[in-house]
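In: Sequence and predicted structure below; questions after.
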Amino acid sequence: MELALKPGAEAAPLAFAEETPPYSSEEEALFEAERCLLCGGKEAPAPCVAACPAKVEVPKFIKAILDRDYASSGKTIFAANPLGGTCARVCPVEELCEGACVLHKEGRRPVEIGRLQRFATDWVLEHGIAYYKRARPKDESVGVIGAGPAGLSCAAELAKLGYQVTVYESRPELGGLVTRAIAPYKQQIEPLPREAEQLARLGVEFQLGQAVGEELSFEELERRHGAIFLGVGLGEDVEVHWEGDELEGVYESLPFIEELKLGDPRNLKLGERVAVIGGGNTAIDVAREAVRLGAKDVMVLYRRTEKEMPAFRKEVKAARREGVHFYWLIAPKRFLGSGRVEGLECLYMRLGEPDASGRRRPEPVPGTEFVLQVDTVIKAIGQRPRTELLQKIPGLSLKDGLVEVDPQTGQTSNPKYFAGGDCINGGATVVQAVHDGKRAARGIDQLLSSTSRRR
Ligand SMILES: Cc1cc2nc3c(=O)[nH]c(=O)nc-3n(C[C@H](O)[C@H](O)[C@H](O)COP(=O)(O)OP(=O)(O)OC[C@H]3O[C@@H](n4cnc5c(N)ncnc54)[C@H](O)[C@@H]3O)c2cc1C
């Protein structure tokens, strides 16, 4: 399986330095594992397990660490989450498992579940342990579109059940946004390729560079497979244009991070004063990377207030600690300069009535224009839904470009298709995509088992 990955770590070491490094020794991991109260039991799951969308059995894997049975510990994690090593690095743990840790109730810091999960999964991957068992092979095959977290998780579950699974991915590499977008201070390239390697060992076939709906039609896929999973995520950055967009030094967020992660960071001609436009996790990732790439003054401009910002609180706090400045209730009007961007004309906003999202709508305050001196602007406004692609599937019900699914099974309005991940939720987390992929795999198994019984 070819993985066309080119880490830029040598060219930009600070940008790739891990924010949360692994434990430096086995003893350190054991010391932390000792703090776990190993709660939960038959009556009710531990709060950390209940808070995990993938339902990783945290007390069980921590107990195995304490028993120094690292292989069982890692296997427990991968049984629930085929991207257990990736999630150990990228999950917003303070909002999920660690946020639910009972030690909070005693005013103590939570158990470092994410770092312990990384310890156990790294151990298993580094020792090359094959952690999946395949059931008796079945005749039916399933096509999975997209090799992001949702697609990989669905493929893993189906392959474990014995289905023949083919994953079609339009890009030359696996991993979706994990590989090309999540900032390298959180997740470099590993361990996703090694996690995917385990799927290949399980018999999953990967067809990279295959854009379904273009060179390969949906009809052809329907002929090949009994069921199809849509894990296509979202598209490129939202197209918002301002005057001066074409100036040198104006970037879109996804190509910016992709150049840093998979291309050559030296191609990013970052100046000293960087303005990032947006209030989501992408804006924060980009701002924190700009600091690491040496920008002297990095500011995030958001048109609502801090309260409405969709970015994770911990990330915002960390960005502030690193010197990123936040400006609220500000929107860009045009980019100024000749050749390279030199200024950003902005204006103040105020919050009006709530919009469809329930958040108060920002409205411009006339006559409040002012100019910020900047030499780089990065637009991080969000991603577009893949409406055009999804409309090619007959009978597929969409809402605002997102696929509508049955909440129990992940099945769409076209019974042959199931879906999960960002293409149904508009952009959430890796572990949510993993959850959706697993749910759809169960739904597909139900569908294919009932049709094979009828035959
Ligand atoms: C900058 C940024 C930072 C983030 N940081 C975090 C974080 O720290 N923690 C966290 O948990 N989440 C984070 N996320 C969110 C997380 O990355 C996504 O929620 C997750 O990757 C969604 O998985 P997915 O499989 O649904 O979609 P994707 O990861 O987008 O994968 C979809 C795949 O489908 C492929 N595809 C699309 N169309 C076709 C087609 N027609 N044919 C074949 N293949 C196709 C795409 O090429 C892609 O590989 C971040 C997102 C961004 C943008």
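Out: Done, it's in.
In: Just give me how far stretch 411-424 sits from the chain centre.
Out: Its chain's average C-alpha position is 18 Å from that of stretch 411-424, according to C-alpha atoms, centre = their mean, to the nearest Å.
In: And for stretch 402-411?
Out: With C-alpha atoms, centre = their mean, you get 19 Å for stretch 402-411.
In: distance of the residue nearest to F16 when sequence neighbours are not counted from K307?
Out: Residue nearest to F16 in three dimensions, not counting chain neighbours: A9, with 3.9 Å by C-beta to C-beta, 6 or more residues apart in numbering. Backbone N, C-alpha and C define where each C-beta goes, glycine included. The spacing between A9 and K307, counted by C-beta to C-beta, to the nearest Å, is 36 Å.
In: quick one on the thing from earlier: state whether the residue nearest to F16 and E190 are indeed in contact, as I suppose.
Out: No - using C-beta atoms under 8 Å as the test, A9 is too far from E190 to be in contact (11.0 Å).
In: how about the strands in the stretch 251-400 of the chain?
Out: 273-277, 297-301, 325-327, 330-338, 340-354, 360-364, 370-373, 376-379, 398-399 (DSSP state E, counting those that start in this stretch).
In: Show me what counts as buried in the third one.
Out: By neighbour count with 16 or more other C-beta atoms under 10 Å, strand 325-327 contains the buried residues F326.
In: Show me what it packs onto, helices and strands only.
Out: If you count contacts as 3 or more C-beta pairs under 8 Å, 6 or more residues apart in numbering; DSSP states H and E, strand 325-327 packs onto strand 297-301, helix 313-321.
In: Please apply the same query to the first one.
Out: Packing contacts for strand 273-277, counted by 3+ C-beta pairs under 8 Å, 6+ apart, involve helix 281-292, strand 297-301, strand 370-373, strand 376-379.
In: from the chain's centre, how far out does that strand sit?
Out: 23 Å.
In: is any part of that strand close to the ligand?
Out: No - judged by C-beta under 6 Å from any ligand atom, strand 273-277 and the ligand are separated, with a smallest distance of 11.5 Å.
In: same deal with stretch 207-224?
Out: Yes - applying C-beta under 6 Å from any ligand atom, one finds stretch 207-224 touching the ligand at 211-213.
In: Weed out the non-buried ones from those.
Out: Here, 16+ other C-beta under 10 Å leaves 212-213 buried among the residues of stretch 207-224 next to the ligand.
In: any chance of the residues of stretch 207-224 next to the ligand in TSV, plus pLDDT and secondary structure?
Out: Output for the residues of stretch 207-224 next to the ligand, formatted as TSV (pLDDT from 0 to 100; DSSP: H, G, I helix; E, B strand; the rest coil):
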residue	pLDDT	secondary structure
A211	97	coil
V212	98	strand
G213	97	coil
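In: circling back: which one of A9 and K307 has more residues nearby?
Out: A9 (16 against 9; other C-beta atoms under 10 Å).
In: Check what pLDDT the more buried one gets.
Out: pLDDT recorded at A9 is 75.
In: ok so, going back, for the residue nearest to F16, give its distance to the ligand.
Out: Per C-beta to the nearest ligand atom, to the nearest Å, A9 is found 18 Å from the ligand.
In: picking up where we left off before, nearest to H225, of the helices and strands packed on strand 325-327?
Out: helix 313-321 (38.8 Å; C-beta to C-beta).
In: Check whether the closest one comes near the ligand.
Out: No - using C-beta under 6 Å from any ligand atom, helix 313-321 stays clear of the ligand, coming no nearer than 7.7 Å.
In: Make residue 1 into 49 and carry on from there
Out: In the new numbering, first residue 49, that becomes helix 361-369.
In: distance between that helix and the chain's centre?
Out: Taking mean C-alpha positions (C-alpha atoms, centre = their mean), helix 361-369 and its chain are 18 Å apart.
In: Equivalent analysis for stretch 336-348, please.
Out: Distance, centroid of stretch 336-348 to centroid of chain: 22 Å (C-alpha atoms, centre = their mean).
In: Residue of the stretch 249-398 of the chain closest to the ligand, please.
Out: Residue nearest to the ligand within the stretch 249-398 of the chain: G281 (2.3 Å; C-beta to the nearest ligand atom).
In: Next: the stretch 349-498 of the chain.
Out: G469 (2.1 Å).
In: ok, now which ones touch that residue?
Out: 194, 196-199, 279, 281, 476, 480-481, 484-485 (C-beta atoms under 8 Å, 6 or more residues apart in numbering).
In: nearest residue to it other than its sequence neighbours?
Out: Closest to G469 by C-beta to C-beta, 6+ apart is A198, at 2.8 Å.
In: do you know how far the one you found is from A275?
Out: For A198, the distance to A275 - C-beta to C-beta - is 15 Å.
In: So those two - more neighbours on which side?
Out: Legend: neighbour count by other C-beta under 10 Å for A198 and A275, higher for A198 (35 against 25).
In: Which SSE is immediately downstream of the host helix or strand of that one?
Out: Using DSSP states H and E, A198 maps to helix 197-208. Elements were assigned by DSSP H and E; along the chain past helix 197-208, the next helix or strand is strand 212-217.
In: same question for the following helix or strand past that following strand, mean pLDDT?
Out: Next along the chain after strand 212-217, taking DSSP H and E as the criterion, comes helix 225-228. For helix 225-228, mean pLDDT is 96.
In: tell me what helix 225-228 is packed against?
Out: helix 301-309.
In: doesn't N473 make contact with the residue nearest to G469?
Out: No - look at A198 against N473 with C-beta under 8 Å: they stay out of range, at 9.8 Å.
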